[in-house]
Every structure is written in C-alpha cells, then in structure tokens.
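Undergrad: dropping a prediction and its sequence here:
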Amino acid sequence: MKSVRFAGVCLVLCTMALAAPGAFAQWNPPNPVVSFEKTASGLEVRQKDGILKLEVNAPDVLHVTYAPADVAAPERASDWVVVKKDWPAAGFDVSSDDKAITLTTAKLKAVIERESGAMHYMGADGKPLTTESYRSLKPVEVNGERTFRAETFFAIYGSHEGLYGLGQHQAGVWNYRGETVELSQENTQIAVPLLVSTNGYGIFWNNPSRSRVNNRFVHMLYLSAEVADRVDYYFIYGPDADQIIGHYRELTGEVPLFGRWAYGFWQCKNKYQSQQEIEGVAAKYRALHIPVDNIVQDWFWWVTMGEMKWNPKYPDPQGLISKLHDEHFHLMVSVWPYFRPGSDVYDEFDKNGWFVAKTKLGGFHPLGQALYDATNPDAQKQYWANVNAALFQKGVDAWWLDTDEPETEGREDSILIDHKLHVGSGARYANVYPLFHSGGVSEGQQTASDKKRVFILSRSAYAGSQRFGVTAWSGDVLSDWMTFARQIPAGLNYSIS
C-alpha cells in the first residue's frame with residue numbers, strides 16, 4: 001500500500017499483483033472438479049455444485065453451459081435465437097494432470113482448474129484470453145416461476161483491453177471497459193448480448209431475460225441474468241473482430257440483401273396527415289429534381305390502432321401507392337404491435353387470447369390498449385394477414401415496426417416482466433419480443449411473395465434480428481447536440497453486435 005500526497009489531498013493506493021491468471025479465484029468459493037468425461041462433442045465436467053459442459057462447435061467456437069447436477073436444463077433460448085445447431089465435426093483433444101483438465105482445439109484451449117473450477121481460455125499459442133473464475137445459479141422465484149439467477153465472473157488482465165458491442169445504448173460510451181450495461185429493451189436502448197473484446201475473443205450471452213454486463217471494476221467482468229435454467233454462453237475466438245462477428249452471424253443468422261432503394265434518400269417526418277399531403281410532397285421533390293427513393297408514412301394513418309384500416313384522410317390508398325410507384329418512390333408504413341378497443345380486429349384477438357396484457361394509460365393513449373403476443377404462432381400469422389390485406393397487397397414496400405421493445409408506456413419496467421407469453425414467463429423472455437415480431441412480418445412477406453425483398457425499420461432488435469431484414473434506428477431521441485454525439489458510439493456498438 002502506498003500513500004501519495006498532492007495539493008492537500010491524501011490519496012491512498014492499494015495495489016495487488018495480477019501475475020497469476022487465477023488471482024481472482026481466491027475471492028470466490030471453490031467449486032472443485034469431482035470427475036470429467038470426454039464426450040463426442042466436447043467435455044463434461046462434474047463439479048461439486050453443478051455440471052459444466054463444453055461443446056466444440058468449431059475450432060474457435062465453444063458452447064459453454066453450467067447447470068445444477070440434479071435439474072434437467074431444457075433447451076429454451078436457443079430454439080429461436082441460435083439458428084445454427086448442427087456444426088461439422090471439429091477435432092479436439094482432452095488431457096489432464098493433477099492440477100487441471102484441458103480441452104484443446106486447433107485454435108483454442110480451455111484449461112479447468114481441478115481445485116477451484118476456474119476455467120482459463122487461451123489461444124493455441126498459449127496467449128491468455130480471459131479466465132472464467134466462477135459461475136453460479138441461485139434459486140429465485142420470478143413472475144411466479146421457480147427458476148435461477150445465473151451469474152458468471154470473468155477476470156480481465158490486459159490494461160488496454162477494450163469491450164464493445166452489447167447492442168445500442170445511450171450513455172455516450174464507446175468502450176465499455178469499466179462500465180455497467182443493463183441489457184433490457186427500452187425505447188432508445190437495444191439489448192443484444194454480444195460482447196467483443198480487443199483481446200481476441202467474443203462472448204455471446206445466450207439468455208433472453210433481462211441481463212447485466214458489469215465491469216465497474218476494470219479487472220472484473222460479471223455477466224448475470226434474472227431468469228435462467230443454466231449459465232449459457234458461446235465463447236468465440238477471433239482473434240480479429242471480423243472473425244468473431246462472422247461466427248456470431250453464423251450462430252444467429254445471415255443478413256439478407258436489401259433492395260437498392262433502401263440505401264437512397266428517404267423523406268420522413270412526424271407525421272404526414274393525409275394522402276393529399278404525401279402526394280404534394282412527392283410531386284414537389286420531382287419538380288425540383290431532388291432524388292428521393294422512399295417516403296415514410298408515420299403513425300395514426302389508421303382509424304383505430306391495430307385495425308390496419310386507412311382513415312378518411314386517405315380516401316384512395318391503392319391510388320396513392322400506385323401514383324408513388326409511377327413516380328419511382330417506395331412507401332414505408334408504420335405499424336404497431338398494440339391494439340385499441342373499438343374494432344373487430346381487437347375483438348378477434350381478445351376472444352382468442354392473443355393479447356399479452358391490456359393497459360389503461362393516460363397521455364396520448366386515453367382509451368387504453370393491448371399488446372399482441374408475437375410469440376404465439378397463431379397471433380403472429382393473423383397479425384401478418386391483416387398487414388398483408390391492408391398494405392402489402394396494395395403495394396406497400398417496407399415496414400416501420402414502431403414501439404416493438406415493446407413500449408414501456410409510462411412504466412419503468414417492460415410490460416412483459418410480470419405477464420405471461422405463449423412461450424412462457426415474460427420475465428424469462430423479456431428481450432426477445434422484437435425478434436418474434438419482426439420475424440412474423442418478415443416471414444409473412446416472404447411467404448406472400450418472392451418478388452420484393454424484405455426491409456424492416458425496427459425500433460428494437462435482438463440477437464438474430466438481422467436475418468429478418470431488420471435495420472434499427474436510435475428510437476425517440478431528442479434533436480440536440482449532446483444526443484446527436486451519443487448516437488455515434490450507440491450506432492458503432494450496435495453495428496458490432
């Protein structure tokens with residue numbers, strides 16, 4: 001310990017040597033190895049308090065899980081998020097001595113300490129990447145479900161190591177080293193649980209409940225999830241970021257090619273209020289010879305939210321769309337996952353039990369509204385059928401999926417947290433709603449026609465959203481310079497993840 005005095009202030013510095021990769025293991029209760037077995041796909045290690053499994057998906061991709069020894073851990077999160085489950089066989093070896101068990105591939109090593117249960121990741125050349133010092137599952141009850149809180153702890157040693165990704169967040173932070181990030185869906189905040197390190201590895205946290213990435217102590221990285229059957233993550237070795245992101249894309253889905261028009265100039269505002277206004281704006285752009293590829297119709301073009309019926313200010317939607325197409329414009333239309341009472345569509349969804357929750361709200365929602373359950377296949381299909389009949393069959397080109405976090409609507413927590421979904425507890429699946437919602441629209445359009453490429457502008461996203469033709473935007477941010485500056489790191493980290 002050293003004491004440094006300057007400008008009348010005494011600063012006490014307490015330092016600790018970090019030479020040994022297992023230095024932090026002493027801070028956690030040991031979970032020693034009881035036995036281990038080499039399996040056809042990797043390694044299974046029985047520890048005192050649970051079973052650790054390493055599945056070799058590729059020489060540089062390990063699927064790591066840790067579950068209680070006496071509880072079956074069903075496949076849940078991966079059913080929709082991870083699309084590549086069958087990997088070609090990858091060679092690996094397992095060796096052991098009295099200190100550790102080592103799994104070795106052509107590119108990666110995982111060394112598990114017998115005494116503590118800590119696991120060290122290294123490149124094939126022996127370069128230290130990171131150490132998972134501790135993993136735990138704590139019994140909890142969440143939203144009426146008996147489950148676990150999952151937590152794992154990585155030790156980080158490189159003083160120059162940077163941490164990136166994790167979706168889109170608005171704190172203005174580019175490098176998350178020394179930061180804490182809440183992975184929850186909110187307007188302007190997009191949760192994508194991929195962390196990319198400049199030390200040559202990535203971690204895809206395969207859990208769709210609300211989670212936290214906590215690096216407030218710069219040499220300690222905690223990953224935790226509110227609801228879990230097991231600790232579940234993919235460890236991806238690069239060493240380059242492009243290789244890490246490439247494997248993540250293999251896991252969660254490739255990006256389809258957009259139509260060329262999507263890369264052009266768009267005209268949008270809050271909001272066009274009539275067919276006459278849109279036609280007038282389009283005509284003016286053409287008269288001034290200003291190239292525009294897309295006009296966006298924002299909210300309240302409908303009569304009743306959820307009904308997909310144009311209001312009287314748009315007397316001839318088919319004529320509007322045909323006229324825009326004749327003038328070489330594309331049309332994007334905003335649709336919401338919320339329904340308000342007062343339409344046959346609302347009554348149909350209500351009768352079939354396709355709503356997650358009904359809410360009475362103030363502000364600009366005086367009538368209250370209901371969120372449809374996008375995880376219900378029948379509700380998802382009917383939602384697209386309504387969009388298809390009212391919009392796509394008339395020629396609408398692209399979709400603005402607004403409020404699909406879903407919108408918190410006057411409450412801090414997501415409306416899903418204390419409700420049930422078709423797939424299970426809303427707390428367990430709190431972050432995947434936008435994946436289901438955009439997936440239903442994307443797959444619905446592809447089923448309806450193969451003549452038009454899908455393009456979705458979504459206010460939220462999750463791991464895998466990219467495979468549905470989704471582009472996200474910043475959400476409802478303010479138009480001031482501090483906000484604009486924060487969009488740069490937000491957009492960069494979103495692009496990485």
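TA: Right, received. Where do you want to start?
Undergrad: rest of the way, CA atoms for contacts and neighbours
TA: Fine.
Undergrad: residue contacts, the nearest residue to S211 once chain neighbours are set aside?
TA: Of all residues not flanking S211 in the chain, A225 sits nearest, at 4.2 Å (C-alpha to C-alpha, 6 or more residues apart in numbering). Contacts here follow C-alpha atoms under 8 Å, 6 or more residues apart in numbering; on that basis A225 touches 149-151, 207, 209-212.
Undergrad: which strands and helices lie in contact with the helix or strand hosting Y233?
TA: Element membership of Y233 [criterion: DSSP states H and E] is strand 231-237. Applying 3 or more C-alpha pairs under 8 Å, 6 or more residues apart in numbering; DSSP states H and E, one finds that strand 231-237 contacts strand 61-67, strand 128-142, strand 145-155, strand 201-205, helix 241-252.
Undergrad: tilt between that strand and strand 61-67?
TA: Angle, strand 231-237 to strand 61-67, by axes from the mean of the first three to the mean of the last three C-alpha atoms, to 10 degrees: 160 degrees.
Undergrad: name the helix or strand for the residue nearest to S211, please.
TA: Taking DSSP H and E as the definition, one finds A225 inside strand 220-228.
Undergrad: chain center to that strand: distance?
TA: Distance, stretch centre to chain centre, for strand 220-228: 15 Å (C-alpha atoms, centre = their mean, to the nearest Å).
Undergrad: distance of the residue nearest to S211 relative to W205?
TA: 9 Å (C-alpha to C-alpha, to the nearest Å).
Undergrad: now E407
TA: Between E407 and W205 the distance is 24 Å, computed by C-alpha to C-alpha.
Undergrad: before we move on, what about R135?
TA: R135 is 13 Å from W205, by C-alpha to C-alpha.
Undergrad: with V255 instead?
TA: V255 is 20 Å from W205, where distance means C-alpha to C-alpha.
Undergrad: with neighbour numbers in mind, choose between the two.
TA: Using other C-alpha atoms under 10 Å, the more surrounded residue of V255 and W205 is W205, with 23 against 14.
Undergrad: report the contact partners of the more buried one.
TA: 193-194, 223, 232-234.
Undergrad: and with 7 Å instead?
TA: By C-alpha atoms under 7 Å, 6 or more residues apart in numbering, the contact set of W205 is 193-194, 232-234.
Undergrad: let me have those in TSV, extended by pLDDT, distance to Q168 and neighbour count.
TA: TSV is the format used below for the contacts of W205 (pLDDT from 0 to 100; distance: C-alpha to C-alpha, whole Å; neighbours: other C-alpha atoms under 10 Å):
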residue	pLDDT	distance to Q168	neighbour count
P193	98	10	26
L194	98	11	25
D232	96	22	23
Y233	97	20	20
Y234	98	20	22
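Undergrad: nearest to K48, of those residues?
TA: Using C-alpha to C-alpha, D232 comes nearest to K48 of the contacts of W205, at 18.5 Å.
Undergrad: wait, that closest one sits on T65?
TA: Yes. Contact criterion C-alpha atoms under 7 Å: D232 and T65 qualify, at 4.5 Å.
Undergrad: you'd agree Q393 is in a helix?
TA: Yes. According to DSSP: H, G, I helix; E, B strand; the rest coil, Q393 belongs to a helix.
Undergrad: how about the strands in the stretch 301-450 of the chain?
TA: Counting by DSSP state E, counting those that start in this stretch, one finds strands in the stretch 301-450 of the chain at the ranges 330-335, 338-339, 355-359, 369-372, 398-401, 420-421, 424-425.
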